[in-house]
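Novice: here is a sequence with its predicted model. Questions after.
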Amino acid sequence: MKKLANIVAIILSLVLPVLGIVVFLFNMDIFIYNWLWCGLYGCILVCIFCKSKAYKFVAIILNLPVILLCAFGALMGGLAGPLIVLIHMVIPFYSTLI
């Protein structure tokens with residue numbers, strides 16, 4: 001069971017960087033803010049379930065630039081922008097709920 005949780009955590013932490021590459025390089029029409037929760041919860045689960053520090057380091061280093069780019073882009077909306085990014089990180093698919 002722990003191995004399955006480990007694999008799910010690693011896959012969940014890789015969703016946001018892959019979508020970031022798709023959105024930023026190939027200019028696909030994906031609303032990346034809906035997927036910020038994958039980066040946050042994926043990193044948290046990797047830090048809980050994986051014992052290897054290499055997995056933890058790679059998960060955080062891959063997700064951090066995408067989250068920071070989204071937060072920097074949200075600053076164009078004013079000072080409430082980073083708050084919106086934080087809400088999208090904590091609540092999955094926040095914009096589709098409202």
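Specialist: Cool, the structure landed.
Novice: from here on, just use CA atoms for contacts and neighbour counts.
Specialist: Will do.
Novice: what are the ranges of the strands in this structure?
Specialist: Assigned by DSSP state E, the strands in the chain number zero.
Novice: separation between the spatially most central residue of it and Asn6?
Specialist: Geometric centre of the chain, nearest residue: Gly39, 2.1 Å, by CA atoms, centre = their mean. As for Gly39, its distance to Asn6 is 15 Å (criterion: CA to CA, to the nearest Å).
Novice: do Phe49 as well
Specialist: Where Asn6 is concerned, Phe49 sits at a distance of 6 Å (CA to CA).
Novice: could you find the closest non-adjacent residue to Tyr33?
Specialist: For Tyr33, ignoring the flanking residues on the chain, the nearest one in space by CA to CA, 6 or more residues apart in numbering is His88 at 6.2 Å.
Novice: quick check: pLDDT value at the one you found.
Specialist: Per-residue pLDDT puts His88 at 89.
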